[in-house]
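Colleague: Show me how the following folds:
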Amino acid sequence: MKENNFNPESLMMTYGYKPELSEGAIKCPIFQTSTFVFKTAEEGKAFFELAYGLREKSPKEELGLIYSRINNPNLEILENRLSLWDKSDDCAVFESGMSAISTVLLEFLKPGDLLVYSNPVYGGTDHFIHHFLDKIGVHTIGVMPNQGIDDVVQMIQDSGKADKLAMIYLETPANPTNNIVDIEKFSQIAKQFSTEDRKTLVAVDNTYMGPLWQHPLQCGADLVLYSATKYIGGHSDLIAGAVLGNTELMIRVKTLRTFLGNMVSPHTAWLLLRSLETLKVRMDQQTKNAQVIADYLEGHAKVKKVYYLGLLKEGTADFATYKKQCSAPGAMVSFDIEGGEKEAFTFLNNLKLMKLAVSLGGTESLAEHPKTMTHAGVDEGQRQQMNITDQLLRLSIGVESVDDLIWDLDQALHKVHINTPLKVDQV
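Modeller: Predicted coordinates:
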């Protein structure tokens, strides 16, 4: 019989783990240890030679276990399994999403370099770009939503630093507005400004889509980043991040991680391994729920506009990009409520099933006010350009009964009093 190529969701149960090495335990134990015993001094020497890059690996040789800051069975099995979803050579898991983001930016950017980044981005990323990279002499250009590719090229050329373009950093879909970016087109820009001596990298924060609904490496990106706290963790009970890419780039990422010491603990890695087993079933239900909720909100009298990939109009550029690089519309729904901050807060304060909290991607549904919460530190002028206003609300849709979620939204919206006329079909 022909050998079967198993899907990632099937391999999440066993891939990379050998029960015979752990007393036959069906699930990988937690290897709660700081250091590992070498069989011989020669073995220890060989392990360190690889760890410090003093020699090349021989065929089929693996980096031996040395110290949990460098490697650990839980960490290695987790990274092997995560690599399956994005079809990457390697993966590095971190103690937070910001650890992953900051490590990548620190490793591949140096004083004098130019970074081009899409807007909006997660508030923590925005802060790191504007308040840290600036301090170390990295120049930055922010691309606003709906700016054309030709505009971006012109901005790079006009900066006078086109020869220093080291990285294009994209977040797509963007937090919190679901703005979508064409990864392939930005990868072409990166190639245009690359030289034989310097390759311009494309890094994509794929947190909003998780490893299921979009695969940036297949669209031309060099690195893909996640806040693994979100869909990968999926239960709002851990903090973690991940970076994936080719072997050459990941060696650099993992080397800096070793010396910064910001890898996940064995226990967190073990929790993430547990979560990977249900990743697909959770995310499938979340996107199914989100589409129903987006459709409901779009027709509500007190909702001005809904931002959701599943509502993009056929024939638009954004729809074409979405169909090209995404397999589902995701589970993040944002919308403008009629009114302003008062009406937004009234809605949030009256939710009963959904919880008022930041973060996203967990099994429970969450709601928040980006302008005063996750994106409070973003420049006000930029917030206006990116439509992060008093009216904007962000929902992370969970796995609850969609009928119950709609009931909750309906009763909370009912408490909101607005002075604007109702839509004709809602009177």
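
Colleague: which residue ranges form the helices in the stretch 51-200 of the chain?
Modeller: Using DSSP state H, counting those that start in this stretch, the helices found in the stretch 51-200 of the chain span residues 73-86, 97-108, 123-128, 149-158, 183-193.

Colleague: how about these in a markdown table, adding mean neighbour count?
Modeller: Every residue, glycine included, has its C-beta placed from N, CA and C. Output for the helices of the stretch 51-200 of the chain, formatted as a markdown table (neighbours: other Cβ atoms under 10 Å):
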| stretch | mean neighbour count |
| --- | --- |
| helix 73-86 | 23 |
| helix 97-108 | 22 |
| helix 123-128 | 19 |
| helix 149-158 | 14 |
| helix 183-193 | 18 |
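
Colleague: Mean pLDDT and distance to residue 234 added to these, as TSV?
Modeller: Below are these laid out as TSV (pLDDT from 0 to 100; distance: least, Cβ to Cβ, whole Å):
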stretch	mean pLDDT	distance to residue 234
helix 73-86	97	13
helix 97-108	98	14
helix 123-128	95	20
helix 149-158	96	34
helix 183-193	98	24
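
Colleague: Distance to residue 266 added to the ones you listed, as JSON lines?
Modeller: Formatted as JSON lines, these follow (distance: least, Cβ to Cβ, whole Å):
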{"stretch": "helix 73-86", "distance to residue 266": "4"}
{"stretch": "helix 97-108", "distance to residue 266": "16"}
{"stretch": "helix 123-128", "distance to residue 266": "25"}
{"stretch": "helix 149-158", "distance to residue 266": "43"}
{"stretch": "helix 183-193", "distance to residue 266": "34"}
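
Colleague: and residue 337, which of these is closest to it?
Modeller: helix 123-128 (20.5 Å; Cβ to Cβ).

Colleague: Contacts for that closest one next, please.
Modeller: 97-98, 101-102, 105, 120, 171, 205, 374-378 (Cβ atoms under 8 Å, 6 or more residues apart in numbering).

Colleague: ok, back up a step: so for residue 32, which of the helices of the stretch 51-200 of the chain sits nearest?
Modeller: Across those, closest to residue 32 is helix 73-86 (Cβ to Cβ), at 8.9 Å.

Colleague: mind checking how far that closest one is from the chain centre?
Modeller: 16 Å (Cα atoms, centre = their mean, to the nearest Å).

Colleague: could you dump that helix to CSV, C-alpha only?
Modeller: Presented in CSV, the C-alpha positions along helix 73-86 are these (Å, rounded to 0.1, in the frame of the first residue of the first chain):
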residue,chain,number,x,y,z
PRO,A,73,13.2,17.9,24.7
ASN,A,74,9.9,19.8,25.2
LEU,A,75,11.3,22.8,23.3
GLU,A,76,12.6,20.7,20.4
ILE,A,77,9.5,18.6,20.0
LEU,A,78,7.3,21.8,20.0
GLU,A,79,9.5,23.5,17.4
ASN,A,80,9.4,20.4,15.2
ARG,A,81,5.7,20.3,15.3
LEU,A,82,5.1,24.0,14.7
SER,A,83,7.4,23.8,11.7
LEU,A,84,4.9,21.4,10.0
TRP,A,85,2.1,24.0,9.7
ASP,A,86,4.2,26.6,7.9
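
Colleague: Many thanks, I have nothing further to ask.
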